[in-house]
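Student: pasting the structure only:
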């Protein structure tokens, strides 16, 4: 269910797609203004990330360790980061991002679907109409 303060996006790649619900944050608002966008997927352990063309500041609630399925914005790389499992710097099964990231929201479906994204795949991000 969509509330007035949340935004739904669709992230598509050749093998599938997921939707995500974003919270009303400054970074999510900036991202919404930049959509739709097509980028190139990069993988890092069990994380998919891709350039957004946006440059935003790190927010006060930025976190390095997040739950699988978190939609995060990596301010150091101007990229959307979508972790679904451990990365090369994780301790145990945690999702540890490369550096603290702005948390934008959550994937609506099974984050494990991101395992079908291949490094170099085209990724499209667009706003879902209500």
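Tutor: Structure's in. What do you need? Owing to the predicted nature of the structure, the values given are computational and were not obtained by experimental measurement.
Student: contacting residues around residue 119?
Tutor: Shown in contact with residue 119 (CB atoms under 8 Å, 6 or more residues apart in numbering): 41-43. To be clear about C-beta, it is placed using only N, CA and C from the backbone, and glycine gets the same treatment.
Student: Now intersect those residues with the strands, please.
Tutor: 42-43 (DSSP state E).
Student: I'd like the contacts of residue 119 written out as a markdown table, with neighbour count, pLDDT and distance to residue 19 added.
Tutor: Below are the contacts of residue 119 laid out as a markdown table (neighbours: other CB atoms under 10 Å; pLDDT from 0 to 100; distance: CB to CB, whole Å):
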| residue | neighbour count | pLDDT | distance to residue 19 |
| --- | --- | --- | --- |
| 41 | 20 | 98 | 17 |
| 42 | 18 | 98 | 21 |
| 43 | 17 | 98 | 20 |
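Student: Quickly name whichever of the contacts of residue 119 is closest to residue 33.
Tutor: Nearest to residue 33 among these: residue 41, at 22.0 Å, using CB to CB.
Student: My guess is the closest one contacts residue 79. True?
Tutor: No. The pair residue 41 / residue 79 is not scored as a contact, 10.3 Å apart, by CB atoms under 8 Å.
Student: what do these two both touch?
Tutor: The contact sets of residue 41 and residue 79 overlap at 49-50 (CB under 8 Å, 6+ apart).
Student: Could you tell me how many residues sit around residue 126?
Tutor: Counted with other CB atoms under 10 Å, residues neighbouring residue 126 total 13.
Student: Can you tell me the strand partners of the strand or helix carrying it and which way each runs?
Tutor: Element membership for residue 126, per DSSP states H and E: strand 122-127. Here strand 122-127 is paired, per DSSP bridges, with strand 7-13 (antiparallel), strand 37-40 (antiparallel).
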